[in-house]
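Novice: Let me see the structure of the following:
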Amino acid sequence: MVPGKNNFFKGLTDFCGSDPPLSHEKWLKYKGKVLQLPVILGAVAVVYNVPEIPEDIHLNLSGKVLALIYRGEIEYWDDSRIKELNPGLADKLPHEKIIAVHRSDASGTTQIFTTFLHKAAPRIWPVELVGKTIDWPVDRTGRGIGGKGNSGVTAIVINTKYSIGYVELAYALKNNLAVAAIRNREGIFVLPSTKTIQSAAKHALEAGLIPTSPDGDFSRELDAIIYAPGKNSYPITAFSHIFVGKTYKDKAKAEALKKLIEWIYTNGSKHIVEGYVAVPEEIKDIGLKAVELIDCKLNRV
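Specialist: Take a look at the predicted model:
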């Protein structure tokens with residue numbers, strides 16, 4: 001587990017933030033002691049630097065084509081499989097080699113992106129290539145570059161013509177990067193936006209893979225929301241979470257955490273930074289149940 005989670009489960013902090021929820025095994029270990037609260041939604045944007053593409057036109061990409069790019073099998077921007085997705089840009093796509101940029105460090109963003117590639121193109125991108133850090137096939141072609149953090153990937157894409165990369169949406173917006181429209185499960189190309197990100201969350205909830213209480217097992221949540229159904233759903237979407245204990249020794253501390261949770265789900269939506277999205281009302285109802293579940297006892301996570 002990352003340091004924030006480690007400190008929380010060691011009792012060094014009273015709560016922590018985490019993009020992914022607990023694995024099923026970890027949840028079984030801490031069942032009845034921890035509450036997981038989906039508090040915000042984010043998206044992974046596919047960004048690119050192709051000067052020939054007009055700024056007012058978004059490149060269309062599919063999970064299959066992205067998987068082939070990151071496997072190193074699609075080499076040039078004017079590949080017929082890219083042209084097929086972009087008939088209006090066919091004469092503008094250059095015969096230039098694609099530089100595929102990825103994270104060099106362990107990253108939840110990479111886990112989300114590679115999960116999408118596997119779900120959208122399982123035969124091309126097997127489960128062995130899903131994770132926070134992987135051995136990128138494109139690196140063996142000499143056309144893959146690793147960058148540390150979202151900022152590192154962003155910087156490489158900005159400074160490298162004919163590159164493509166994946167970053168948190170906030171970084172794409174802040175740096176005015178070109179963002180691709182991604183083909184979702186229904187075959188529709190969609191851009192990341194409040195509407196499309198929330199649509200993915202709502203359909204994930206409808207799939208029945210997200211618990212209706214914060215003390216439940218959220219381990220299948222990522223599988224539910226990535227490549228979710230729905231014509232308006234952006235397919236590379238994920239929740240971020242707060243973990244809190246179910247019991248605390250200090251009554252004042254427990255009450256303070258309850259007030260924080262209430263504020264997050266009632267007023268916090270008004271203060272979300274650009275690039276992130278409030279969870280829909282149905283998800284807020286799940287998180288607010290934590291207020292009733294948190295208790296003051298002598299045992300602790």
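Novice: just the helices in the protein please.
Specialist: 3-9, 24-30, 63-71, 80-85, 108-120, 149-159, 169-174, 194-206, 221-225, 251-266, 281-288, 290-293 (DSSP state H).
Novice: Show me what the first one packs onto, helices and strands only.
Specialist: The reference is to helix 3-9. In this structure, helix 3-9 makes packing contacts with strand 15-18, judged by 3 or more Cβ pairs under 8 Å, 6 or more residues apart in numbering; DSSP states H and E. The C-beta positions use only the backbone N, C-alpha and C, and glycine is treated the same way.
Novice: circling back to that earlier point, between the helices of the chain, which gets nearest to L129?
Specialist: helix 108-120 (6.0 Å; Cβ to Cβ).
Novice: Let's test this: mean pLDDT of the closest one, rounded?
Specialist: Helix 108-120 shows a mean pLDDT of 96.
Novice: now do stretch 34-54
Specialist: Here the average pLDDT along stretch 34-54 is 97.
Novice: Just give me the residue closest to the centre of this structure.
Specialist: A238 (4.0 Å; Cα atoms, centre = their mean).
Novice: can you pull the contacts of the residue nearest to it when sequence neighbours are not counted?
Specialist: Take A238 and drop its neighbours on the chain: the residue closest to it by Cβ to Cβ, 6 or more residues apart in numbering is I112, 4.9 Å away. Shown in contact with I112 (Cβ atoms under 8 Å, 6 or more residues apart in numbering): D19, V44, L222, I226, I236, A238.
Novice: Using a markdown table, lay out the helices of the chain together with distance to G245.
Specialist: Shown next, in a markdown table, are these (distance: least, Cβ to Cβ, whole Å):
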| stretch | distance to G245 |
| --- | --- |
| helix 3-9 | 8 |
| helix 24-30 | 9 |
| helix 63-71 | 38 |
| helix 80-85 | 48 |
| helix 108-120 | 22 |
| helix 149-159 | 30 |
| helix 169-174 | 29 |
| helix 194-206 | 25 |
| helix 221-225 | 20 |
| helix 251-266 | 8 |
| helix 281-288 | 15 |
| helix 290-293 | 10 |
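Novice: roughly how far apart are E96 and S199?
Specialist: Distance, E96 to S199, using Cβ to Cβ, to the nearest Å: 35 Å.
Novice: who has more neighbours, the two?
Specialist: S199 (22 against 15; other Cβ atoms under 10 Å).
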